[in-house]
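J.: here are the coordinates; sequence isn't available:
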């Protein structure tokens with residue numbers, strides 16, 4: 001097990017180094033933030049002063065080494081547009097995206113997995129066919145269209161839920177969260193539902209396919225022959241056997257939701273990282289763009305590492321192989 005963990009950690013470090021080079025180079029060769037930072041009427045002397053102040057006159061390799069050195073100490077630079085440390089800026093927006101993503105993925109799992117297991121357990125029933133048809137609909141309809149329809153229906157027509165914003169928040173360990181207040185939940189419901197529908201469909205179809213496959217195995221046949229109740233078979237045997245692909249999808253979907261909730265945050269005016277990166281791209285705010293992309297890279301590396309460790313905990317063969 002120790003060698004297995006060490007191998008995964010070594011791979012994670014290599015991936016982060018490669019990603020830092022790709023991210024830094026890709027962002028810094030596209031566009032010129034000087035055109036955004038400086039008025040076209042500014043003199044050449046002012047332009048040169050601003051360029052030198054932000055270190056944009058240095059070679060790309062020198063800027064990269066300075067970036068890595070600063071990043072290793074937790075300093076991601078200063079935002080060109082907001083004129084504040086990037087780490088502080090991201091930390092202000094992260095809780096909003098974090099609670100939105102976690103609640104959406106949990107909702108998708110808690111609803112999608114049981115529905116998928118039922119659909120796989122009784123594939124020929126009418127309820128199963130309705131569930132699978134609904135999952136196809138969840139895959140097919142674009143997220144932005146669903147968001148607009150939710151606003152039109154619940155905010156405009158019925159007026160029971162707000163169309164956007166974060167609502168009232170309450171502090172937990174000094175961090176503001178919306179799920180701690182009733183008004184916050186009203187503002188959370190529509191964006192969470194919009195963000196979770198696609199993931200719910202994915203979890204449902206994955207659980208259904210896994211259940212249909214597992215129900216034909218000898219393990220389930222022996223469990224039935226031993227007189228174990230069907231509910232116990234589904235809860236303890238089927239769910240355990242299909243857990244590895246579900247853990248994979250849960251981890252990856254949580255990471256992708258945290259990183260790419262851009263559409264939902266924009267539609268519902270949710271003040272999270274998605275809206276921040278859109279504004280930063282529009283203004284060529286390089287430090288924010290690089291810090292965001294590096295955070296996403298670290299996030300996916302950590303999630304993949306956690307999924308690998310969860311594999312080892314769920315599958316004894318991996319532990320034996322590590323030894």
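T.: That came through, no problem. Because the structure is a prediction, the values reported are computed rather than measured.
J.: tally of neighbours for residue 247?
T.: By the criterion of other Cβ atoms under 10 Å, residue 247 has 16 neighbours. C-beta here means a position set from N, CA and C on the backbone, and glycine is covered the same way.
J.: pretty sure it contacts residue 308?
T.: No - look at residue 247 against residue 308 with Cβ atoms under 8 Å: they stay out of range, at 10.1 Å.
J.: now residue 269: how far from residue 164?
T.: 4 Å (Cβ to Cβ, to the nearest Å).
J.: typo on my end, residue 284
T.: Taking Cβ to Cβ, one finds residue 284 at 26 Å from residue 164.
J.: what's the answer for residue 171, then?
T.: Counting by Cβ to Cβ - residue 171 and residue 164 are separated by 22 Å.
J.: Among these two, which residue is more densely surrounded?
T.: Each of residue 171 and residue 164 has its neighbours counted (other Cβ under 10 Å); residue 164 has more, 17 against 9.
J.: so residue 291 is in which element?
T.: helix 286-314 (DSSP states H and E).
J.: so what secondary structure elements neighbour that helix?
T.: Other helices and strands packing on helix 286-314, by 3 or more Cβ pairs under 8 Å, 6 or more residues apart in numbering; DSSP states H and E, are helix 2-28, helix 86-121, helix 243-259, helix 273-282, helix 316-322.
J.: quick one, that helix and helix 273-282 angle?
T.: 140 degrees (axes from the mean of the first three to the mean of the last three Cα atoms, to 10 degrees).
J.: what comes up buried for helix 286-314?
T.: The neighbour-count check on helix 286-314 (16 or more other Cβ atoms under 10 Å) flags 286-297, 300-301, 303-305, 307-308, 310-312 as buried.
J.: Likewise for stretch 106-125?
T.: Neighbour-count burial for stretch 106-125 [16+ other Cβ under 10 Å]: 107-109, 112-113, 115-121.
J.: which stretches of the stretch 101-250 of the chain form helices?
T.: Along the stretch 101-250 of the chain, the segments classed as helices by DSSP state H, counting those that start in this stretch run 126-140, 143-150, 182-214, 218-225, 230-232, 239-241, 243-259.
J.: Make CSV from the ones you listed and add distance to residue 176 and mean pLDDT to it.
T.: Shown next, in CSV, are those (distance: least, Cβ to Cβ, whole Å; pLDDT from 0 to 100):
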stretch, distance to residue 176, mean pLDDT
helix 126-140, 31, 86
helix 143-150, 23, 88
helix 182-214, 9, 88
helix 218-225, 48, 81
helix 230-232, 42, 81
helix 239-241, 36, 77
helix 243-259, 18, 75
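J.: so which of these gets nearest residue 44?
T.: Closest approach to residue 44 among the helices of the stretch 101-250 of the chain is made by helix 243-259 (40.1 Å; Cβ to Cβ).
J.: List the buried residues in that closest one.
T.: So for helix 243-259, counting by 16+ other Cβ under 10 Å, buried means 243, 246-251, 253-259.
J.: do stretch 167-183 as well
T.: 169, 176-179, 181.
J.: ok, those vs residue 61, which is closest?
T.: residue 176 (40.5 Å).
J.: separation between the nearest residue to the closest one once chain neighbours are set aside and residue 20?
T.: Distances taken as Cβ to Cβ, 6 or more residues apart in numbering place residue 169 nearest to residue 176, at 3.8 Å, with adjacent residues excluded. Plainly put, residue 169 is 34 Å away from residue 20 if you go by Cβ to Cβ.
J.: go on, residue 145?
T.: 36 Å.
J.: now do residue 89
T.: 20 Å.
J.: got it, and residue 291?
T.: Taken as Cβ to Cβ, the span from residue 291 to residue 20 is 11 Å.
J.: about what we covered before: go through the helices of the stretch 101-250 of the chain and pick out the most buried.
T.: helix 182-214 (a mean of 21; mean count of other Cβ atoms under 10 Å).
J.: between that one and helix 86-121, how big is the angle?
T.: 50 degrees.
J.: how far is helix 182-214 from where the chain is centred?
T.: 14 Å (Cα atoms, centre = their mean, to the nearest Å).
J.: The helices of the stretch 101-250 of the chain into a markdown table, with extra columns for distance to residue 54?
T.: Below are those laid out as a markdown table (distance: least, Cβ to Cβ, whole Å):
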| stretch | distance to residue 54 |
| --- | --- |
| helix 126-140 | 44 |
| helix 143-150 | 35 |
| helix 182-214 | 35 |
| helix 218-225 | 62 |
| helix 230-232 | 64 |
| helix 239-241 | 54 |
| helix 243-259 | 26 |
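J.: neighbouring contacts of stretch 281-300?
T.: Applying Cβ atoms under 8 Å, 6 or more residues apart in numbering, the set of residues contacting stretch 281-300 from outside is 15-16, 19-20, 23-24, 27-28, 31-33, 35-36, 67, 71, 76-82, 86-87, 89-90, 252, 255, 258-259, 273, 276-277, 279-280.
J.: List only buried entries from the residues you listed.
T.: The buried subset of those (16+ other Cβ under 10 Å) comprises 15, 19-20, 23-24, 27-28, 33, 67, 71, 76-82, 86-87, 89-90, 255, 258-259, 273, 276-277, 280.
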